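Peer 1: Predicted model and sequence follow; I will ask about them next.
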Amino acid sequence: MPLMCECIEYDGDGWYWQGPTEKEYMRPRGKRCCSCGTMVRKGDTGVVFPRYRAPRSDIEESIYCDEVPLAGWWMCEECGDLFWALDDLGFCISLGSETMRELAAEYAATYGPQRAA
């Protein structure tokens, strides 16, 4: 999905993320960056995206209320920096559709200095 200035509202189907934070990865087993696929290992700084979905049954709703927590997705430090830069510029990022490097390249091609022909 290309860079977007308008955010798509959650329709209640699938999952969504809220409030990413930069923090140190502390688990003994590494996790792949959700953008570029490099390993985020113990002690690395990255960005974690807490993910949620709507409850699918009355039992889930009674346990979790409106949001069922899912495993968070992690970005490596490089992709996380690109995420924060694009977020600060007002773009809405859809996780899992394109890599942060692709989005940064799209930004540079669209908004960067124009080259003389």
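Peer 2: On my side now, so go ahead. Numbers count the residues shown, from 1 in each chain.
Peer 1: Going by C-alpha atoms from here, please, whenever you check contacts or count neighbours.
Peer 2: Fine.
Peer 1: who's in contact with the most centrally placed residue in the chain?
Peer 2: Centroid-nearest residue in the chain: residue 95, 4.3 Å away (criterion: C-alpha atoms, centre = their mean). By C-alpha atoms under 8 Å, 6 or more residues apart in numbering, the residues touching residue 95 are 34, 35.
Peer 1: Looks to me like it is in a helix.
Peer 2: No: applying DSSP: H, G, I helix; E, B strand; the rest coil, one finds residue 95 to be coil, outside a helix.
Peer 1: so what pLDDT did it get?
Peer 2: Note on residue 95: pLDDT of 87.
Peer 1: likewise residue 116?
Peer 2: For residue 116, the pLDDT comes out at 58.
Peer 1: Kindly report the same for residue 39.
Peer 2: For residue 39, the model assigns a pLDDT of 97.
Peer 1: now residue 11
Peer 2: So, for residue 11, pLDDT stands at 68.
Peer 1: Could you measure from the residue nearest to the centre of the chain over to residue 58?
Peer 2: Taking C-alpha to C-alpha, to the nearest Å as the measure, residue 95 falls 28 Å from residue 58.
Peer 1: same deal with residue 112?
Peer 2: Residue 112 sits 50 Å away from residue 58, taking C-alpha to C-alpha as the criterion.
Peer 1: check contacts around the closest residue to residue 73 other than its chain neighbours.
Peer 2: Closest residue in space to residue 73, ignoring its immediate chain neighbours: residue 49 at 5.1 Å, by C-alpha to C-alpha, 6 or more residues apart in numbering. The contact partners of residue 49, taken as C-alpha under 8 Å, 6+ apart, are 17, 18, 19, 20, 21, 72, 73, 74.
Peer 1: Just to check, residue 52 is in contact with residue 65?
Peer 2: No: assessed by C-alpha atoms under 8 Å, residue 52 is found out of contact with residue 65, at 11.6 Å.
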